[in-house]
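Asks: here is a sequence together with a model predicted from it:
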Amino acid sequence: MTHQLEIDLESFAALQPEAFLIDVREPDEYTAGHVATAQLVPAGSLAGAAGSLPTDRTVYIICASGNRSLRAAAALTAAGLTATSVAGGTSGWARSGRPVVTGMSWTAPKTVAGSVPAAEAVAGAARP
């Protein structure tokens, strides 16, 4: 099976809240509104955080519209991770009526059996 570099919002929503999600926007964008389970890892910090991301599950990546997250997914995939961009981004998520939270709050995704808990997996990444 070929890895898909991008997933549509409906398919991604069906994976919530178990999906491991990082938000590659800047902190001010993140605090203005983000998916509750998204951990902040700004695009400029992604290379340094890549070694801390889980290797046993897909890393979903979101930004505002899907452009930065698609580039980030391609870079992480090239580095050997399974990474998928969420098409439409946080803007599409909110436009579809799904909830966003503001500030630096973050809700850990449910741990999948055998995986590293999200808070430990991104120990080196910028977290709220």
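Replies: Alright, I've got the coordinates.
Asks: would Ala72 count as being in a helix?
Replies: Yes - counting by DSSP: H, G, I helix; E, B strand; the rest coil, Ala72 is located in a helix.
Asks: contact partners for it?
Replies: By CB atoms under 8 Å, 6 or more residues apart in numbering, the contact list for Ala72 reads Val24, Ala43, Leu46, Ile61, Cys63, Ala83, Ser85. Every residue, glycine included, has its C-beta placed from N, CA and C.
Asks: from what I can see the fourth one touches Ala74, true?
Replies: No - assessed by CB atoms under 8 Å, Ile61 is found out of contact with Ala74, at 9.9 Å.
Asks: now do the shared contacts for those two.
Replies: Jointly contacting Ile61 and Ala74 under the rule CB under 8 Å, 6+ apart are Ala83.
Asks: what packs against the strand or helix carrying Leu46?
Replies: Element membership of Leu46, judged by DSSP states H and E, is helix 46-49. Contact here means 3 or more CB pairs under 8 Å, 6 or more residues apart in numbering; DSSP states H and E; on that basis helix 46-49 packs against helix 67-78.
Asks: tell me which residues of the helix it packs on are tucked away?
Replies: Arg68, Ser69, Leu70, Arg71, Ala72, Ala73, Ala75, Leu76, Thr77 (16 or more other CB atoms under 10 Å).
Asks: surely the first one and Val24 touch.
Replies: Think Arg68. Yes - using CB under 8 Å, Arg68 makes contact with Val24 at a distance of 5.3 Å.
Asks: what is in contact with these two at once?
Replies: Here Arg68 and Val24 have Ala43 as joint contacts, going by CB under 8 Å, 6+ apart.
Asks: what separation do you get for Phe20 and Arg95?
Replies: Distance, Phe20 to Arg95, by CB to CB, to the nearest Å: 23 Å.
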